[in-house]
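> What follows is a predicted structure for the sequence shown.
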Amino acid sequence: MIKFIDAHLSRTTMYLLMVYYAAGLLIVAFVLGFFKIVPIDPTALAFSALLIIGTCWLTNRLFAFVLRVPVNVESVHITAFLLILIMQPVTASQHLGVAGLLLASVVAIASKFLLAIGRKHVFNPVALGVVVSGLVLNQPASWWIGGNLVMLPFVLVGGVLVLRKLQRFDMMIAYIIANIALTLATSGPGGYADDLTQALLYSPLLFLGFTMLTEPLTAPQAKWPRLGYGALVGALSSPNLHVGSFYLTPEIALLAGNVLAYVTNPKASFRFTLLRIEKMAADCYDYVFAADRQLVFEAGQYLYWTLDVSQPDNRGNRRAFTIASAPNNAEIRLGVKFYAGSSAFKTKLAAMQPGDQIHGSQLAGSFTLPRDPQQKLAFIAGGIGITPFRSMVEDMLNRRDARSVVMLYGANQIADIAYSDVFSEAEQDLGLRTRYVVAEDTTSHPQVCHGMIDGALIVQEIPDFMDRVFYISGPHAMVSHMRQTLSRMGVARANIKMDFFPGLA
C-alpha cells in the first residue's frame, strides 16, 4: 500500500495534491451534512462554495490581467477551498455573512499581488483574508472543519499525505509540540486532560498545520528556520494565550509566523528571459536564461518556475526544477526531459522561443555540497536527476575544488546520457570518477557498464563506500530503492542525502 501511495504521489504536484485534499474534504462534508451526520447545512455550504470560488477566480483574473503576470490556477483553487472549509457557511439571506465571505476572498487573492515584496507574497493569503474579515465585519473564521470529530479521520489521512509529499513532518511536529506545551503550561489545575483533548480533537490545530503552516511560499525552507517557524506558530496558536482581554487566533498566529519566514526566506522572485535552447541528450534540453537580477544560490538548489499557460491541465502551470548551472555563472540553466504525452506546462515550455519569459521564485533545497572539502562523496544519478550534479560539478570546476567524488549515472540508453562534456572536464581537471550505467543499450564504451545500479556495482566501483556521503537524485522509485540498498549495505542514514522537491514536472 505504501509503495502504491508513493507511486501516485510522485506523479502528483504538491499543489494538485492540496487541491485534491481540500476538495475531497469539501465533498465529504457536503455528503455528511446532507445525511445530517455533521452539523453542516449543505445548502449553505454549496452557496458559500460557489460564492467564494467565483470571487477568488474573478479577483485573480482581474489582477493578473492588470499586472500582466501568469495566472496560477491551482493556487486560486487552494485559496478558495480553504476559505470554504474555515469560514462559516451562509445562505444568500445572511447579508453580513455574505459580505464577510466576499471580503475574505478578495483580500486573500489581492494580497498575492499587492502585498508582495520582490514579487513574492509575504503573508498566507487565506489567513490574511479571514483576519481582515473578522476585524472589519466581525465575520471571523469559524474553523468548522477543524472542530468536527467526524471529519477528523479525513483531515488526518489527507494531511499525512500532504506532509509526506512536502517532507515537512519535522515542522509539523515542532508546531504540535509547541502548541501542546504552552497549552498545558497555561492550563488551570485539573484542566490538563480537557485542554489537551480540546487542542488535538476539537480545534483547528491539525487542519491549519496540514494546509496553511506548510504553504511553501510563506514558510521557511531551511531546516532550522522552519522548525522555529513551526514552534512559533504552534505556541501562538495556544487557546490559553492572551494579552489582557485579547486572545490570539490561529490565523493571527500564522501571520506572525509569516513575518519570521519572510526574514529567514530568500525574498526575491525572478523573471528569466530565454537566450537559447541546447540539446543535451535524447529528448533532453537545456534552457539557457538571463535573469532580471542576480540569483544567489547554492549548487543543487531548485526554484519554482511558473509559465503563463493559457489552458493549463490538472497539473497546473508551476513546477519545481533544479537549477542546472553553477552559482557564479551569468546564465541560468534549466535541464528538462520531455516524454510522450507531456503536460500543458511542458508543451508550453517546448514552444518557447528566444526572448520569451518564465517566472521563478521560492529558491529552496538542502541537496548541496558539504562544507568540509575533505569529505569524500558518492553521487548516484538516474535520468534527468543528473541536473543537480551538473550544477555541483561545474561549481567545483569553477572553484578548482578537487574533493574526492565518484559518480554512478544510470540511463536507459547511451543516447540518454547528458552533460558528459562537463563530467569529462571534471575527470581531467579534478579527478572526478564517473561510471555510466546503461540498462538497455549494449554498445561498448570504456566508461559504460551495462545493467542497473545496485549494491554489487557500488561495491565494485566504490570500494570505500563506507567512508563516503552518498547523494542520490532521480525518479522517486529509484531514489527510494537506492536508499534501501545503501541502508542494507550498512551506510548510515546520516550519510545518505536524497534530492527532493515537492512536485514532479
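Here it is on my side, so go on.
> Quick check: next helix or strand after the longest helix along the chain?
The single longest helix within the chain, with elements called by DSSP state H, is helix 42-67. Tracing the chain past helix 42-67, the next element assigned as helix or strand by DSSP states H and E is helix 73-86.
> angle of the next helix or strand after that following helix against helix 42-67?
Next along the chain after helix 73-86, taking DSSP H and E as the criterion, comes helix 95-114. Per axes from the mean of the first three to the mean of the last three C-alpha atoms, to 10 degrees, the angle that helix 95-114 makes with helix 42-67 is 30 degrees.
> ok, residue 253 - contacts?
232-233, 235-237 (C-beta atoms under 8 Å, 6 or more residues apart in numbering). Quick note: C-beta positions are derived from backbone N, CA and C, even for glycine.
> between these, which is nearest residue 198?
Nearest to residue 198, judged by C-beta to C-beta, of the contacts of residue 253 is residue 237 at 12.4 Å.
> Distance check, that closest one against residue 231.
11 Å (C-beta to C-beta, to the nearest Å).
> More neighbours: these two, which one.
residue 237 (30 against 22; other C-beta atoms under 10 Å).
> For the longest strand along the chain, buried residues please.
Secondary structure of the chain per DSSP state E: the longest strand is strand 270-281. Neighbour-count burial for strand 270-281 flags 270-272, 274, 277, 280-281 (criterion: 16 or more other C-beta atoms under 10 Å).
> And stretch 137-157, by the same measure?
Quick answer for stretch 137-157 (16+ other C-beta under 10 Å): 137, 139-141, 143-148, 151-152, 154-155.
> ok so, going back, now, which of the buried residues of strand 270-281 sits nearest residue 348?
Nearest to residue 348 among those, with distances taken as C-beta to C-beta, is residue 274, at 12.1 Å.
> would you list every one of the strands in the stretch 401-505 of the chain?
All strands of the stretch 401-505 of the chain, identified by DSSP state E, counting those that start in this stretch, fall at 405-411, 433-438, 448-450, 469-473, 496-498.
> So what touches the second one?
Under the contact criterion C-beta under 8 Å, 6+ apart, strand 433-438 has outside partners 405-414, 417, 420, 423-424, 426-427, 445, 447-453, 457, 461.
> which among those end up buried?
Buried, going by 16+ other C-beta under 10 Å: 405-411, 414, 417, 420, 423, 426-427, 448, 453, 457, 461, out of the contacts of strand 433-438.
> Okay, now the unreliable bits of the stretch 301-450 of the chain?
Residue ranges of the stretch 301-450 of the chain with pLDDT under 70: 314-315.
> Low-confidence regions, the stretch 1-150 of the chain specifically.
In the stretch 1-150 of the chain, residues with pLDDT under 70: 1-12, 71, 118-120.
> How about stretch 334-346, which residues are buried there?
Buried-residue list, stretch 334-346, by 16+ other C-beta under 10 Å: 334-337, 342-346.
> Just put those in CSV and tack on distance to residue 316 and secondary structure.
Shown next, in CSV, are the buried residues of stretch 334-346 (distance: C-beta to C-beta, whole Å; DSSP: H, G, I helix; E, B strand; the rest coil):
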residue, distance to residue 316, secondary structure
334, 17, strand
335, 21, strand
336, 16, strand
337, 19, strand
342, 14, coil
343, 9, coil
344, 9, helix
345, 7, helix
346, 12, helix
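> For the residues you listed, work out which two are farthest apart.
Maximum distance among the buried residues of stretch 334-346 (C-beta to C-beta): 19.9 Å, for 335 and 344.
> so which of the strands of the stretch 401-505 of the chain comes closest to residue 324?
strand 469-473 (11.7 Å).
> Report the rounded mean pLDDT for the following helix or strand past the longest strand of the chain.
Next helix or strand after strand 270-281 toward the C-terminus (DSSP H and E): strand 284-291. For strand 284-291, mean pLDDT is 96.
> Relative to strand 284-291, what are the paired strands and their orientations?
Note on strand 284-291: by DSSP bridges, its sheet partners are strand 270-281 (antiparallel), strand 332-337 (antiparallel).
> Output the first one as PDB, restricted to C-alpha atoms.
What that stands for is strand 270-281. Provided in PDB are the C-alpha atoms of strand 270-281 (Å, rounded to 0.1, in the frame of the first residue of the first chain):
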ATOM      1  CA  PHE A 270      12.800  36.500 -10.800                       C
ATOM      2  CA  ARG A 271      11.900  37.000 -14.400                       C
ATOM      3  CA  PHE A 272      14.000  34.900 -16.800                       C
ATOM      4  CA  THR A 273      14.400  35.600 -20.500                       C
ATOM      5  CA  LEU A 274      15.200  32.700 -22.700                       C
ATOM      6  CA  LEU A 275      18.500  33.100 -24.600                       C
ATOM      7  CA  ARG A 276      18.800  29.700 -26.400                       C
ATOM      8  CA  ILE A 277      17.900  26.000 -26.100                       C
ATOM      9  CA  GLU A 278      20.700  23.400 -26.300                       C
ATOM     10  CA  LYS A 279      20.100  19.700 -26.800                       C
ATOM     11  CA  MET A 280      22.000  17.700 -24.200                       C
ATOM     12  CA  ALA A 281      20.700  14.200 -24.900                       C
END
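> which residues touch that strand?
Here strand 270-281 has contacts from 119, 285-293, 295, 303, 331-332, 335, 352-361, 411, 415-419, using C-beta under 8 Å, 6+ apart.
> relative to strand 405-411, how tilted is that strand?
Using the same axes, to 10 degrees: strand 270-281 against strand 405-411 is 70 degrees.
> Centre of the chain to strand 270-281, how far?
Offset of strand 270-281 from its chain centre (C-alpha atoms, centre = their mean, to the nearest Å): 23 Å.
> Same check on the shortest one?
Using C-alpha atoms, centre = their mean, we find the averaged C-alpha position of strand 332-337 to lie 19 Å away from the chain's own average C-alpha position.
> Name the residues that touch that strand?
272, 280, 283-291, 295, 305, 321-325, 346, 349, 383-384, 386-387, 390, 418, 505.
> if we can go back for a sec, among the strands paired with strand 284-291, which is nearest residue 496?
strand 332-337 (23.4 Å).
> Return the distance of the closest residue to residue 88 other than its chain neighbours relative to residue 22.
Excluding its sequence neighbours, the residue lying closest to residue 88 (C-beta to C-beta, 6 or more residues apart in numbering) is residue 142, at 4.0 Å. Counting by C-beta to C-beta, the separation of residue 142 from residue 22 is 16 Å.
> again with residue 396
Taken as C-beta to C-beta, the span from residue 396 to residue 22 is 43 Å.
> likewise residue 489?
Taking C-beta to C-beta, one finds residue 489 at 41 Å from residue 22.
> quick one: which of these two has more around it?
Ranked by neighbour count (other C-beta under 10 Å), residue 489 and residue 22 place residue 22 first, with 25 against 13.
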